[in-house]
Each structure stands twice: as structure tokens, then as C-alpha cells.
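Chemist: The following comprises the amino acid sequence and a computationally predicted model.
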Amino acid sequence: MNISAILFYAISTFILSAGILAVTTVKIFRSAIWLLFSLVGIAALYFWMQLEFIAAIQIVVYVGGIVVLIIFSIFLTQNSGKEMNSPKAGKKIFSALAALFGTAFVHNLIVHYEGFSFSSAKPFNPNVAEIGTQMLSTTAHGFILPFEAVSMLLLAAMVGCIVIALRPNNNIESETLNKKD
Amino acid sequence: MQEIPLTQILFVSTALFFIGMYGLFTRRNLITLLMSIELMLNSVNINFVAFNKYLFPDNLDGLFFTLFIITIAAAEAAVAIAIIINLYRSHNSIDVDDATEMKY
């Protein structure tokens, strides 16, 4: 067992234990912090797989964006130190059994599947220049169409967020109506 | 690097996915449901990257799927939080059991 394998097991243990704590802690703010640790662990897993760009994206978007957004909404919507209602014991047991069964089932499938064909025709080359060229290329294996679609989706999502979160302001409407009169 | 087989990475992502599913089943607070969904999306990302690196190293399709999933997850989280804040304004609670207007 070399240092790489030890690193993999350490990172995996960290991800899974932080994930379990994130879904079982009763205080919502602690739950968000455990989620943050789990996402940092996943970024470490990407670093371990030598995908530095994806790891950087993971840290910037998830840790810097989504978790901060979640923490903001926790502060906006409720008392962060308050303990959440614990679910019923029966529901907990049923959910844990379902999750354990699912994990065991899929693990069994993976262990007994023999069809993984490891091709090593070309070395894996995930550097940023390659990613950028392929992202904006219009040839085969080019991703310009999904790139444009996703940029439109982001714009629509941002406009939608602002419209949904706007406070419905009745005073302005009545003022404009008064001016018309 | 080569000593860790693909199946072990797949086992980690499977376990993470079902941890997220457990959270989705047991939690009743909308923000924690969103957090569980993020965990599940991340496990799928690990799968895409691992398959790309181990099985199809000659092109980068899985890596691009991961990038697009991260983007869409960000958009989804932003919209979900806008909806949660709006719901909190009208119901003074973000518990899923309290929003029952459209039930039945």
C-alpha cells in the first residue's frame, strides 16, 4: 500500500463521514458547515485524480458560491442555533435501511460487473488549454452548443431568481395608479 | 494511482449518493433538502470524472459533463433559494409540512 492509496482512503473517509454528519446533525448551521467540509473533500479527490481545473471549479463554485448562498439563506430564514425537529424513529430506521440496501445492491452490481474495458490508447490530458479548445470547438467532440445553451440557462436563472425574490410592492403600483388619475 | 481500482471510487460515489438519499428521506427543512441534493449531484460528478479518467482517457467528455452539471447545480441552487425565501415570506416557515396549499 503506497502513499497514493493511503491518501485515497483518507479522502474517502473524510468525504463520507462529513456527508453523514451533514445529513444527520440537528442544528442546521452545523449541517451547512459539514456540507462544506464534504465538498472540500470532493475537491481533494479531484486533486488526487490530477484534475486540477475541475478541483478549482469545485472550490470556487461550490465552496465559494453555493455553500455561502445556503448559509445566507439560513441566516435570512431562521434562527441558526435552533435545533430542527428530529424525524420519527420509524422513518429514520426505514430511510437508513433503504439507503443501506441501495448501497449494498449497487456495490454488489459493481463488484460483479466484468465489462470495464480499460483502454489506454492515449494518455489522459486534462490541461486547461485542451479543455478550452474543446469547449469552443464546433467539430466532433466540441461542446459549443451546450456551452451556449448553459449560458442562456444561467441568464434565465439569474433573471428568474430576481423576479421570484422581489418583494411584491403594492405601494409603488398604487402610486403609479394615483399619478395616472 | 493505478493501485486504486475504478470500483473503489465507484463505491465511494455510491455511498455518497445514498447518504444524500437518506437526507432527502429524513429531513423536513427545505434548505437541508437542497443540501442533500447537492451531495447527490457531487457523487454523480465523481462518477463522470472517474469513468472518463479510467475508461475513456482519449477524450474529455465526462469532464465536460461535470463542468455542465456544476453550472446547472449553481443555477438550481440560486432559484431554489429564491423560492425558499419567497415561501418564508408568505408562510413564515420553510418546513415542507407547512406548505400544503396544493396538496390533493
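Modeler: In hand now; what should we look at? Bear in mind the structure is a predicted one, so any value in this text is a computation, not a measurement.

Chemist: Remind me which helix or strand the residue in chain B that chain A sits nearest to belongs to.
Modeler: Nearest residue of chain B to chain A, counting by CB to the nearest CB: B:Gly23, 3.1 Å away. Every C-beta, even on glycine, is put in place using the N, C-alpha and C of the backbone. Assigned by DSSP states H and E, B:Gly23 belongs to helix B:6-26.

Chemist: which secondary structure elements does that helix contact?
Modeler: helix A:3-24, helix A:89-112, helix B:30-54 (3 or more CB pairs under 8 Å, 6 or more residues apart in numbering or on different chains; DSSP states H and E).

Chemist: other SSEs contacting the first one?
Modeler: Applying 3+ CB pairs under 8 Å, 6+ apart, one finds that helix A:3-24 contacts helix A:28-48, helix B:6-26, helix B:30-54.

Chemist: 10 Å - rerun?
Modeler: Judged by 3 or more CB pairs under 10 Å, 6 or more residues apart in numbering or on different chains; DSSP states H and E, helix A:3-24 is in contact with helix A:28-48, helix A:89-112, helix B:6-26, helix B:30-54.

Chemist: Could I get the buried residue list for the second one?
Modeler: What it means is helix A:89-112. Buried residues in helix A:89-112, counting neighbours by 16 or more other CB atoms under 10 Å in any protein chain shown, are found at A:Ser95, A:Ala99, A:Gly102, A:Thr103, A:Val106, A:His107.

Chemist: burial measure for residue 69, as a count.
Modeler: The chain I'm using is chain A. Per other CB atoms under 10 Å in any protein chain shown, the neighbour tally for A:Leu69 reads 16.

Chemist: actually chain B
Modeler: Residues lying near B:Ile69 (other CB under 10 Å) number 16.

Chemist: ok, and the closest non-adjacent residue to it?
Modeler: B:Asn45 (5.7 Å; CB to CB, 6 or more residues apart in numbering or on different chains).

Chemist: Wait, the one you found touches B:Gly62, no?
Modeler: Yes - here B:Asn45 reaches B:Gly62: they are 9.3 Å apart, a contact under CB atoms under 10 Å.

Chemist: Per-residue pLDDT of the residue most central in space within chain A, please?
Modeler: Central residue of chain A (CA atoms, centre = their mean): A:Tyr62, 6.0 Å from the mean position. Here, the pLDDT recorded for A:Tyr62 equals 90.

Chemist: rewinding a little: what separation do you get for the residue nearest to B:Ile69 and B:His91?
Modeler: Counting by CB to CB, to the nearest Å, the gap between B:Asn45 and B:His91 amounts to 33 Å.

Chemist: which of the two has more neighbours?
Modeler: B:Asn45 (25 against 13).

Chemist: Show me what the one helix or strand B:Ala80 maps to is packed against.
Modeler: Following DSSP H and E, one finds B:Ala80 within helix B:61-91. Counting by 3+ CB pairs under 10 Å, 6+ apart, the packing neighbours recorded for helix B:61-91 are helix A:52-57, helix A:67-77, helix A:128-135, helix A:144-165, helix B:30-54.

Chemist: Kindly calculate the angle that that helix makes with helix A:144-165.
Modeler: 10 degrees (axes from the mean of the first three to the mean of the last three CA atoms, to 10 degrees).

Chemist: Only the buried residues of helix B:61-91, if you could.
Modeler: So helix B:61-91, judged by 16+ other CB under 10 Å, has buried residues B:62-71, B:73-85, B:87-88.

Chemist: same check, this time on stretch A:67-74
Modeler: Those would be A:Val67, A:Leu69, A:Ile70, A:Ile71, A:Ser73, A:Ile74, for stretch A:67-74 by 16+ other CB under 10 Å.

Chemist: Kindly indicate which of those lies nearest chain B.
Modeler: A:Ser73 (4.6 Å).
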